[in-house]
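> need coordinates for the below:
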Amino acid sequence: MSASIQPIQQNERSAGVDVLRGFALGGVVIANLASFVTFGMPGTTAEAMTSMTWDKVYEFVLTVFIDNKFITLFSLLFGYGFGVIMERVSQKGIDTSTFFSRRMIILFIAGMLHLFVWWGEVLHFYAICGMFLLLFRRVSDRGLIVSAVLLFFIPVAIARYFQIKLNILAPAERDPILEEYLVLSRSHNLFDIFRGNWITYKYIFIDCLFDIRDFSEVLAKFLLGYYVLRKGYLKDISLHQESIRRMLFWSLPIAILYVGQTILFILQEIRVDFIPARLLLNAFVRTGILALSVTYACSLILLYNRRPSLKIFSGFRYIGMISLTNYLAHTLIFILIFNGVGFGLMGKVHLIYTLPMGVVIYVLQAFYSKWWTSRFQYGPIEWLWRQLSYWKKFPIRKARVL
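Okay, here's the model as predicted:
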């Protein structure tokens, strides 16, 4: 491998992209903390932990504005970042397929290890979808959009149809699995915790077909992120403000319709039983989630371009510069809070209390990220991943200026 091939340095990074990554991670940590109380708990436990008025208010806000929106943005940015790597390596004359495949295999292994401590982890999905992204390097911009649309709707609709027909995730089947997960998570034995996470992942993602849905959706989001890279919207924001405003013009009305529909269905407790209608509703909801994520991103990036000196953007950027390290650090914190090897609060924390937990975690990570990036070229996980990918040792400390 040529000595000229180097990982992206801090001074080569797109500040706007790092701001978006840091912003996305804020929503991810809040949503993931909430999942320990809601989706990841058996029905009776979840009901008890969301019984207070403020729990219900917060659950409403989560459902409408946070759940799935920030992880969608995170996925779009991963697709963007993978595109950056592919193009950079290709320009340097390196065999893109070999290099990128090795990088994705490393990420997949890391994701599978991560899976044993957090059943909701996404890195193994990202690695698989990243491998498939290689197939789209020479596809036209129009082809990327068409492929993303087909992936976003057709496999998801098929998976959803079988979920409905088979009555997947029915409480009678789900609750015993989650009861076992709850018991194992409270254990002081790490192997029990590993087993609980694997049992839960297998049931939700494999048995209940969420693997199919998530694979097709994530790959579609990667293609959209890759499209944004090709168009250069985030390389020089000032030159592409009009294009970003146009994206906001199209996404905002869909996002407003989605928010209105979600609020109406929650308040009126509307239930749709007719299968074709449920499939159409599911397609609209997935589209609305994507539209709201794009609305967040466009609004934030336009504001950042106008007022880059706002201190909150510095916090977002520091976190985004070492986003993989910060994402994995969330899991260590979750283990400490919820599992038996830590404070053992699984099934004992009301939903509303996860909000201040998430804020504290995020603020501490902002300070830590600022301190780290002022002294080091890469985050510790990013540095390890780069060395394994390039099969070469890179200095992690910044050169001291005398």
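> show me where pLDDT drops low in the protein?
Along the chain, segments meeting pLDDT under 70 span 1-12, 400-402.
> try 80 this time
The model of the chain has pLDDT under 80 over residues 1-13, 92-93, 399-402.
> would you point out which residue is most central in it?
Computing the C-alpha centroid of the chain and ranking residues by CA atoms, centre = their mean puts residue 71 first, at 3.1 Å.
> isn't that residue right up against residue 30?
No - between residue 71 and residue 30 there is no contact under CB atoms under 8 Å: 10.9 Å. Every C-beta, even on glycine, is put in place using the N, C-alpha and C of the backbone.
> residues near the nearest residue to residue 282 once chain neighbours are set aside, how many?
Of all residues not flanking residue 282 in the chain, residue 160 sits nearest, at 5.1 Å (CB to CB, 6 or more residues apart in numbering). Applying other CB atoms under 10 Å, we find 21 residues neighbouring residue 160.
> just to revisit the earlier point, buried sites along the host helix or strand of the residue nearest to the centre of the chain?
Element membership of residue 71, judged by DSSP states H and E, is helix 69-91. Burial within helix 69-91, assessed by neighbour count using 16 or more other CB atoms under 10 Å, is assigned to 69-86, 88-89.
> what's the first helix or strand after that helix?
Assigned by DSSP H and E, the successor of helix 69-91 is helix 96-115.
> by contact count, what packs against that following helix?
Counting contacts by 3 or more CB pairs under 8 Å, 6 or more residues apart in numbering; DSSP states H and E, helix 96-115 is packed against helix 69-91, helix 123-133, helix 190-201, helix 380-390.
> same thing but at 7 Å, please
Judged by 3 or more CB pairs under 7 Å, 6 or more residues apart in numbering; DSSP states H and E, helix 96-115 is in contact with helix 69-91, helix 123-133, helix 380-390.
> quick one, which of those is nearest to residue 312?
Nearest of these to residue 312, taken as CB to CB: helix 69-91 at 15.8 Å.
> return that closest one as PDB; C-alpha atoms alone will do.
Extracted in PDB, the C-alpha atoms of helix 69-91 (Å, rounded to 0.1, in the frame of the first residue of the first chain):
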ATOM      1  CA  LYS A  69     -35.500  10.200  13.500                       C
ATOM      2  CA  PHE A  70     -32.000  10.600  14.800                       C
ATOM      3  CA  ILE A  71     -30.800   7.100  14.000                       C
ATOM      4  CA  THR A  72     -32.100   7.800  10.500                       C
ATOM      5  CA  LEU A  73     -29.900  10.900  10.300                       C
ATOM      6  CA  PHE A  74     -27.000   8.900  11.700                       C
ATOM      7  CA  SER A  75     -27.500   6.300   9.000                       C
ATOM      8  CA  LEU A  76     -27.600   8.900   6.200                       C
ATOM      9  CA  LEU A  77     -24.300  10.300   7.500                       C
ATOM     10  CA  PHE A  78     -22.700   6.900   7.700                       C
ATOM     11  CA  GLY A  79     -23.600   6.400   4.100                       C
ATOM     12  CA  TYR A  80     -22.100   9.800   3.300                       C
ATOM     13  CA  GLY A  81     -18.900   8.900   5.200                       C
ATOM     14  CA  PHE A  82     -18.600   5.500   3.500                       C
ATOM     15  CA  GLY A  83     -18.900   7.300   0.200                       C
ATOM     16  CA  VAL A  84     -16.100   9.700   1.200                       C
ATOM     17  CA  ILE A  85     -13.800   6.700   2.000                       C
ATOM     18  CA  MET A  86     -14.600   5.000  -1.300                       C
ATOM     19  CA  GLU A  87     -13.900   8.100  -3.300                       C
ATOM     20  CA  ARG A  88     -10.700   9.000  -1.400                       C
ATOM     21  CA  VAL A  89      -9.300   5.500  -1.800                       C
ATOM     22  CA  SER A  90     -10.200   5.300  -5.500                       C
ATOM     23  CA  GLN A  91      -8.500   8.700  -6.200                       C
END
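> which outside residues touch that helix?
Helix 69-91 is contacted by residues 8, 17, 20-21, 24-25, 27-28, 31, 96, 99-100, 122, 126, 130, 133, 137, 218, 221-226, 228-229, 289-290, 292-293, 296-297 when judged by CB atoms under 7 Å, 6 or more residues apart in numbering.
> quick check: angle from that helix to helix 123-133?
Helix 69-91 runs at 40 degrees relative to helix 123-133, counting by axes from the mean of the first three to the mean of the last three CA atoms, to 10 degrees.
> quick one: helix 69-91 to helix 380-390, angle?
Calculated by the same axes, to 10 degrees, helix 69-91 forms an angle of 30 degrees with helix 380-390.
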